[in-house]
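[1] Next comes the sequence, and after it the predicted model I'd like to discuss.
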Amino acid sequence: MTIICIMSGIIFTITMLLIVIIWLKKPLLTPTYTRKIQTDGEIEAHYVLNGGYIKVYRKELSALSSFKKYICYYPEQQTNENQKWPVVIFANGTGVPVSKYEKQLERLATWGFITIGTQEHHAWNGFSSEMCLRLLIHLHENQTVDAWDSNPFYQAIDLMNIGLVGHSQGGVGVMNSATVQNHCQLIKTIVALSPTNMELAEQLMWQYDPSQLQATTLLLAGTGKSEETFIVSDEQLADIYRRIPASVLKVKLRRSLAEHHELLYLADGYVTAWLMWQLQADETAKKAFVGQHAEILTNRHYQSVCKNC
């Protein structure tokens with residue numbers, strides 16, 4: 001028993017070191033990061049670009065917790081149009097606070113979303129995403145907010161259309177946020193990018209249960225250039241997919257030759273299309289995923305596709 005414990009400890013330590021190494025080499029996203037994304041489908045190519053809301057605003061709010069602050073983007077039209085806007089909450093990967101990939105939030109806001117994330121380093125349990133949602137509910141319901149001249153979010157948030165996007169540890173976080181956190185029933189859809197496999201998550205005490213999901217789910221991972229299977233292999237991603245109830249709309253696919261850290265941004269075209277379909281009922285975006293002629297089935301950059309739509 002002692003030998004088993006020692007070996008488990010060694011494996012755990014090596015795994016954590018490898019995870020840290022991967023994140024240390026992960027680049028900061030630049031304003032032109034999408035130019036590096038190769039596409040192989042008209043729908044993917046369309047949604048990897050900026051949307052029609054050309055000007056977006058940024059708002060930063062302090063947080064009295066371990067995640068330090070909230071960073072939020074929203075379209076300019078939100079301040080002068082009497083409508084409600086869907087929300088996308090981001091859950092961080094290990095060592096990657098939202099300030100390292102703000103350009104994703106900014107780009108997605110051009111598609112008509114309110115986007116928000118934090119500086120949280122322990123996003124696996126879904127609590128920081130839950131707190132983002134609580135904050136947005138508060139801002140939606142209160143016209144006057146302390147220290148604000150005006151509240152651009154008052155009566156402007158579509159609480160019926162809330163999505164979550166998380167990478168790596170954050171992929172675990174979005175599943176926990178949609179299953180065990182207090183406002184899980186408000187989560188309509190999730191996107192888990194290269195989520196930590198269930199065995200490794202168990203070792204790290206990041207437990208999650210895909211069988212409890214009710215939100216529509218997009219699972220994405222990369223094949224890697226060196227098969228980074230300790231994060232999530234093809235078989236492990238398929239296992240997560242199988243555990244999600246058959247009654248839940250779900251899609252799984254892998255980006256060819258994409259490393260774990262690259263999945264944060266390489267799948268942006270289909271991530272955006274998924275969110276546009278699920279949260280804005282975009283019929284063009286829907287065609288990427290639905291039916292025998294779904295674009296993901298013929299895109300040469302993707303493989304191991306499974307879907308029930």
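    Cool, the structure landed.
[2] Backbone dihedrals for the residue nearest to residue 266 when sequence neighbours are not counted, please?
    Spatial nearest neighbour of residue 266, excluding adjacent residues (Cβ to Cβ, 6 or more residues apart in numbering): residue 258 at 5.0 Å. C-betas here are computed from N, CA, C, even on glycine. Phi and psi for residue 258, reported as degrees, to the nearest 10, are phi -90, psi 130.
[3] where's residue 88 relative to residue 146, distance?
    26 Å (Cβ to Cβ, to the nearest Å).
[4] do the same with residue 28
    Applying Cβ to Cβ to residue 28 and residue 146 gives a distance of 33 Å.
[5] neighbour-wise, which of those two wins?
    More crowded of residue 28 and residue 146, by other Cβ atoms under 10 Å: residue 28, with 11 against 5.
[6] what's the spacing between the spatially closest residue to that one that is not a sequence neighbour and residue 59?
    Among residues not flanking residue 28 along the chain, residue 100 sits closest, at 5.6 Å (Cβ to Cβ, 6+ apart). Using Cβ to Cβ, residue 100 is found at 18 Å from residue 59.
[7] what about the two, which has more around it?
    When residue 100 is set against residue 59 and neighbours are counted by other Cβ under 10 Å, the residue ahead is residue 100, at 18 against 15.
[8] The more buried one contacts residue 29, correct?
    Yes: assessed by Cβ atoms under 8 Å, residue 100 is found in contact with residue 29 at 7.0 Å.
[9] Can you mark which positions in stretch 127-142 are buried?
    Across stretch 127-142, burial judged by 16 or more other Cβ atoms under 10 Å covers 127-133, 135-137, 139-140.
[10] Between the residues you listed, which sits nearest residue 79?
    Nearest to residue 79 among the buried residues of stretch 127-142 is residue 139, at 13.4 Å by Cβ to Cβ.
[11] For the spatially closest residue to the closest one that is not a sequence neighbour, the count of nearby residues, please.
    Nearest non-adjacent residue to residue 139, counting by Cβ to Cβ, 6+ apart: residue 153, 3.8 Å away. Neighbours of residue 153 under the rule other Cβ under 10 Å: 26.
[12] Identify all contacting residues around whichever helix or strand residue 132 is part of.
    Counting by DSSP states H and E, the element that carries residue 132 is helix 127-141. When contacts are defined by Cβ atoms under 8 Å, 6 or more residues apart in numbering, helix 127-141 is touched by residues 61, 63, 65, 67, 70, 87, 89, 91-92, 114, 116-118, 120, 122-123, 145, 151, 153-157, 159, 162, 164, 166, 173-174, 177, 181-183, 186.
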